[in-house]
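Enquirer: A structural model of the following input is requested.
(one chain, ligands or ions: 1)
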Amino acid sequence: MAKEQEYVTALYARLDLLRERTRKQLDGVLAQGGGGTHQNRSERDSFAGMYAERLARLWAVENALCFGRIDLAAEGPLYIGRLGLSDDDQARLLIDWRAPVAQPFYRATPTEPMGITRRRHLQTKGRRVVGVDDDLLDLDRLTDADRATLNGEAALLAALDEKRTGRMRDIVATIQAGQDRVIRGALDGVLVVQGGPGTGKTVVALHRAAYLLYTHRERLARRGVLIVGPNLTFLRYIEQVLPSLGETDVLLSTVGELYPGVTATARETARAAAIKGSARMAEVVARALRDRQRVPRKPVDIPLGAYTLRLDQRTCEAAKSRALRSRRPHNQARAVFVRHVLGTLARQAAKALGRGMLDEEELADLREDLRTEPAVKAALNRLWPYLTPQQLLIGLYGSRERMAYAGLSEAEQDALYREVPRGGGAYWTEADVPLLDEAAELLGDIDAGVLRAAALQAEEELAAARRAEQDERDYELTYAREVLELTGMSDMLDAERFAARQRTEENHLTTAERAAADRTWAFGHIIVDEAQELSPMAWRMLMRRSPNRSMTIVGDIAQTGSAAGASSWGQVLDPYARGRWREETLTVNYRTPVELMAVAADVLTLVGPGLKAPESVRETGVRPWSRKIDGTADLGLIVRSEIVDGGRLAVIVPAALAEEAGAAVTKAVPGAAAGPVPGALEAPAVVLTVADAKGLEFDAVIVAEPAEILAESPRGPSDLYVALTRATRRLGVVHSGDLPEVLSRCEALPPP
Ligand SMILES: Nc1ncnc2c1ncn2[C@@H]1O[C@H](COP(=O)(O)OP(=O)(O)OP(=O)(O)O)[C@@H](O)[C@H]1O
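Expert: Residues are numbered from 1 along each chain as shown. Just a heads-up that it's a prediction; the model follows:
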């Protein structure tokens, strides 16, 4: 240990020196100030960015800088750590864990030693070496049983046994061979990582992101990496892993956050979400748009001073079919529509003016005059309006006729109908986001000038409405204001200044920040976690963000909870990457001890025949228990008695019980949290629904009213399976009715 300490001390000294040097370089660049030519400034900016990033990376690796070493038969030891370090003569001092030469640290086994004779795990506390743990890969000294299983077991078990902090930690020191294969898998194509609960899918996906960024830095730094998770609590749970690996420029997002400018915070029924998620909504949105490209049933008269122009159906039909044939998105095709209509009107006007033959130039002038006539503008806006995705969907959900036209059945209309928003408040739900994205594809951009004009016009109309209806309760007024706000039009008033600011800020934004602000950004690689939950419409949206189909998709089909979620990976991926996706399976459970997994495995038989639970690596000797309770007051008492100092406990409840149970537990336990609120992860106890607990883990879990969880949705068995597999140590079940037969393996304790 003393020898290892010497080496580790030298590594930290080197790290300190590099930090010092980089700091000086950064200060030097910043001291040059903002003068000089544009090129000077932009060069300085990019140097400053580079040094700042390097410095951040050097600071991120303080903890467990070096965690292992491998002894190569030929060249002596190599030290493995969070980043690569060399001395001033370029001699290697520390190898980045992601470098190819570090691979034997994770993969070597006694049967396949990969040229190393020994692997050593170094445990450190701060800068102090506190433990050394060796695996000998020298074949002659091992038994057959050792050979089959030996893989840094002691270090792994120590890591798994630690109390949870509420945040996921990195596992660089103890990545297992099967996981390493996933982490270092090729960048291109779609890699599916299927695995039961606790098999490390999430943590492996995050390490894969770090590995890919290291190995393909050029390509990925420019296009960025997106990591999609199921909810904000989950993203908070994992957000520290990549920074601790020295990678900060990655975009973490839920599906609901992927449409810039929209915050999807409204709630809706599972049924509505399921309808919105189904694949046929692509056609529904397309039809909803066709509904807005209307040909009037009767000719439209346009009064223009002394005479009246008439827009007949044939003209509208012809204009529409030209616009559609242009194959441009709706807002851009509008120009084609308008041009044709104006042409016809101009010829009519010429006739009305008694001027039979006009030359091209005169006709063009006339068209331009007509274009700005309010009555003409109003007619064109009715026939082929500029639309934002928000307007299209608000209009659809707010009208049964439109929904019927778009192909939704009466029952579906009932589920989706929503009043056109009046006062403030949340409107958009998570399931709306892929539909907005779909609509945006069909609508295309409205160019900034037009948007500005439209916003100004809307403002004028608002002012006019204000004048006209001062005394009445002004529905129209609120409506106009709301739509302006919901569609983001109100921001567009200042589009020019916004654009100018955007241009100057561009240079300072990281790739992730730029990607987050751009709906059409194509990512270099996308990682989707809890991918079984995504709806077909959400997949369509993600696939648009990944034209090169370089993706890692992790999940567990047996844990699917949402009604629009996946039942097989083929069903999800074949439409986009048939024959081009590969699957890796993880089968070892690093979270849940054997005793708990036995209970969960019983429940898995309800999910589907033939499904196999992952195998747990640890036994704790602690049996899961069950207890009959008499209401949520009892629950509060039990939770209080189950809390262990410094440990974290979750109470997982059916959605219908969330509020009541949350109130009871927060009353009984000081500091407890109800629901996925900020701070929930750090609380000693938290009450969560299954959907909110997905992907998380806790020292102890109490599952409340399992029978209701089973009955609450068609995916009830999957939900119960998820709930039972969140604990790293202790599991209890409380029930006021009968305990479901499938949980009979729990030890029945007397009521409190
Ligand atoms: N090689 C490893 N070394 C140390 N800890 C590990 C290792 N692999 C997994 N773990 C730990 O096991 C736990 C479960 O991992 P993770 O959450 O990634 O599993 P998962 O497969 O995503 O589970 P679920 O499907 O239930 O969400 C985490 O605490 C993780 O840190």
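Enquirer: only C-alpha atoms for contact and neighbour calcs from this point on.
Expert: Noted.
Enquirer: of all of the stretch 401-550 of the chain, which residue lies closest to the ligand?
Expert: Using C-alpha to the nearest ligand atom, residue 530 is the residue of the stretch 401-550 of the chain that sits closest to the ligand, at 6.9 Å.
Enquirer: how about the residues of the chain that lie near the ligand?
Expert: The interface of the chain toward the ligand, taken as C-alpha under 6 Å from any ligand atom, is made up of 156, 159-160, 169, 171, 174-176, 196-203, 590-591, 695.
Enquirer: so where do the helices sit in the stretch 501-650 of the chain?
Expert: Assignment of helices within the stretch 501-650 of the chain using DSSP state H, counting those that start in this stretch yields the ranges 511-516, 536-544, 569-577, 594-607, 632-642.
Enquirer: mind putting those into a markdown table with mean neighbour count and mean pLDDT?
Expert: Output for these, formatted as a markdown table (neighbours: other C-alpha atoms under 10 Å; pLDDT from 0 to 100):
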| stretch | mean neighbour count | mean pLDDT |
| --- | --- | --- |
| helix 511-516 | 19 | 85 |
| helix 536-544 | 22 | 95 |
| helix 569-577 | 15 | 92 |
| helix 594-607 | 21 | 95 |
| helix 632-642 | 18 | 89 |
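Enquirer: shouldn't the residue of the stretch 401-550 of the chain closest to the ligand be in contact with residue 558?
Expert: No. Look at residue 530 against residue 558 with C-alpha atoms under 8 Å: they stay out of range, at 11.1 Å.
Enquirer: out of the helices of the stretch 501-650 of the chain, which is closest to residue 98?
Expert: helix 511-516 (21.9 Å; C-alpha to C-alpha).
Enquirer: give me the helices and strands touching the closest one, please.
Expert: helix 217-223, strand 251-253 (3 or more C-alpha pairs under 8 Å, 6 or more residues apart in numbering; DSSP states H and E).
Enquirer: and these, which one's lowest on average pLDDT?
Expert: Lowest mean pLDDT within these: helix 217-223, a mean of 87.
Enquirer: so which bits of that helix are buried?
Expert: 220, 221, 223 (16 or more other C-alpha atoms under 10 Å).
Enquirer: distance between that helix and the chain's centre?
Expert: 20 Å (C-alpha atoms, centre = their mean, to the nearest Å).
Enquirer: what's in contact with it?
Expert: Outside of helix 217-223, the residues within contact range by C-alpha atoms under 8 Å, 6 or more residues apart in numbering are 212, 213, 249, 511, 522, 523, 524, 525.
Enquirer: dump the residues you listed to JSON lines, plus distance to residue 94.
Expert: Putting those into JSON lines (distance: C-alpha to C-alpha, whole Å) gives the following:
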{"residue": "212", "distance to residue 94": "20"}
{"residue": "213", "distance to residue 94": "19"}
{"residue": "249", "distance to residue 94": "23"}
{"residue": "511", "distance to residue 94": "29"}
{"residue": "522", "distance to residue 94": "35"}
{"residue": "523", "distance to residue 94": "31"}
{"residue": "524", "distance to residue 94": "29"}
{"residue": "525", "distance to residue 94": "28"}
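Enquirer: follow-up on the earlier one: in terms of neighbours, single out the busier of residue 530 and residue 558.
Expert: Shown here are residue 530 and residue 558; by other C-alpha atoms under 10 Å, residue 558 has more neighbours (26 against 21).
Enquirer: and the closest residue to the more buried one other than its chain neighbours, what helix or strand is that in?
Expert: In space, and not counting its chain neighbours, residue 558 is closest to residue 718: 6.1 Å by C-alpha to C-alpha, 6 or more residues apart in numbering. Residue 718 is part of helix 716-724, with elements assigned from DSSP states H and E.
Enquirer: likewise residue 135?
Expert: strand 128-136.
Enquirer: how about that strand: buried residues?
Expert: Neighbour counts over strand 128-136 (16+ other C-alpha under 10 Å) mark 129, 134, 135, 136 as buried.
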